[in-house]
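Engineer: Provided below for reference: sequence and predicted model.
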Amino acid sequence: MAEVVIVESKAAAGALVADEIVALIDSKPDTVLGLATGSTPLPVYEALRERLAGHDVSRVRGFALDEYVGLDPEHPESYRSVITREVIEPLGLDPARIRVPNGAVETIEHAGDDYELAIDAAGGVDLQILGIGTDGHIGFNEPGSSFASSTRVKTLTEQTREDNARFFDSIDEVPRHCITQGLGTILRARHLVLLAFGEGKAAAVAAAVEGPVSAMLPGSAIQLHPHVTVVVDEAAASELKLADYYRYTFANKPAWQGI
Ligand code: PGA
């Protein structure tokens, strides 16, 4: 099962995950990171800022989870812009080594296959950072997504568009389509790290970690993966039935195991 770590704050979550990523980069300088956007991963990127200073990141590679279709890449809320602003620039990564799915309409037919080939050519993702939507999506794999899916175009649910409207001037500006790594793509990463904060995520987290494995709750795909770490604050953990067991397990974990 997933290892669930309940932390007291977003900053503690960021520190825990950032320590793991720094150790990974130190041991494998051409580490391939799976990068999530949205609010959730920001504490990780913030913690990495200080921790990566002085480390060689020149060979680190990265693949974003998803992108809007038809949104100008220069738009401040395109995930290309977000990844540049939140990850590439502050961490000093090489922009040529960080890819985001290409959401341009003209080439969208092949964009998913191109992305899969690029991930394969890089040797696969070593550590995939994930958030989870209130509807249980990971990446932009909305309910009903196949567990075998690869990078492809999806239609966003109205719930997701409403959730993401806060980044735009109005909900009308939120694109209706996206290109996202599939659940099958995500499951091929070697280590999944799913983060969630706040009460609004509690039901999705409980369903993903402890609920039945179902395409209706795409986050439940993590139960099929051999190495998953779920890092949540108390509020996001509030509907987990085995919360005490997770606390006990983590408190008694041998230090050498890492996450
Ligand atoms: P959030 O989004 O991190 O902005 O809450 C998570 C997601 O939709 O996957």
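Structural biologist: It's in.
Engineer: which residues sit in contact with residue 47?
Structural biologist: For residue 47, the contacting residues are 11, 14-15, 17-19, by Cβ atoms under 8 Å, 6 or more residues apart in numbering. Placement of C-beta: from N, CA and C, glycine included.
Engineer: which residue ranges form the strands in the stretch 101-250 of the chain?
Structural biologist: Along the stretch 101-250 of the chain, counting by DSSP state E, counting those that start in this stretch, strands occupy 127-130, 152-155, 177-180, 191-196, 228-233.
Engineer: Spell out which residues of the stretch 51-200 of the chain are next to the ligand.
Structural biologist: Within the stretch 51-200 of the chain, the positions lying close to the ligand (Cβ under 6 Å from any ligand atom) are 131-133, 137.
Engineer: can you rerun that using 8 Å?
Structural biologist: By Cβ under 8 Å from any ligand atom, the residues of the stretch 51-200 of the chain that approach the ligand are 130-134, 137-140, 160, 163-164, 196-197.
Engineer: Of those, keep whichever come out buried.
Structural biologist: Applying 16 or more other Cβ atoms under 10 Å to these, the neighbour count classes 130-134, 137-140, 160, 163-164, 196-197 as buried.
Engineer: For the residues of the stretch 51-200 of the chain next to the ligand, give me TSV that also has pLDDT.
Structural biologist: Below are those laid out as TSV (pLDDT from 0 to 100):
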residue	pLDDT
130	98
131	98
132	97
133	94
134	91
137	95
138	97
139	97
140	95
160	91
163	90
164	93
196	98
197	98
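Engineer: If we only consider those, which is nearest to residue 229?
Structural biologist: residue 130 (10.0 Å; Cβ to Cβ).
Engineer: what's the closest non-adjacent residue to that closest one?
Structural biologist: residue 194 (4.3 Å; Cβ to Cβ, 6 or more residues apart in numbering).
Engineer: Can you name the residues that contact that neighbour?
Structural biologist: Contacts for residue 194 (Cβ under 8 Å, 6+ apart) come out as 2, 130-132, 138, 208, 219, 222, 228-231.
Engineer: What residues of stretch 7-22 count as buried?
Structural biologist: For stretch 7-22, a neighbour-count test (16+ other Cβ under 10 Å) marks 7, 10, 12-18, 20-22 as buried.
Engineer: I'd say residue 156 and residue 141 touch.
Structural biologist: No: in this structure residue 156 lies outside contact range of residue 141 using Cβ atoms under 8 Å: 10.9 Å.
Engineer: So these two - more neighbours on which side?
Structural biologist: residue 141 (29 against 22; other Cβ atoms under 10 Å).
Engineer: Go ahead and produce PDB holding the CA coordinates of the one helix or strand in the chain whose mean pLDDT sits lowest.
Structural biologist: Every helix and strand of the chain was ranked by mean pLDDT, DSSP states H and E. The lowest is helix 158-164, at a mean of 93. Only the C-alpha atoms of helix 158-164 are listed here, as PDB (Å, rounded to 0.1, in the frame of the first residue of the first chain):
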ATOM      1  CA  GLU A 158     -16.900  21.600 -15.000                       C
ATOM      2  CA  GLN A 159     -15.700  21.000 -11.500                       C
ATOM      3  CA  THR A 160     -12.000  21.200 -12.500                       C
ATOM      4  CA  ARG A 161     -12.700  24.300 -14.600                       C
ATOM      5  CA  GLU A 162     -14.400  25.900 -11.600                       C
ATOM      6  CA  ASP A 163     -11.500  24.800  -9.300                       C
ATOM      7  CA  ASN A 164      -9.000  26.400 -11.700                       C
END
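Engineer: From the chain's centroid, how far away is that helix?
Structural biologist: 17 Å (Cα atoms, centre = their mean, to the nearest Å).
Engineer: Touching it from outside, list them.
Structural biologist: 133-135, 137, 140, 142, 156, 171, 174, 176.
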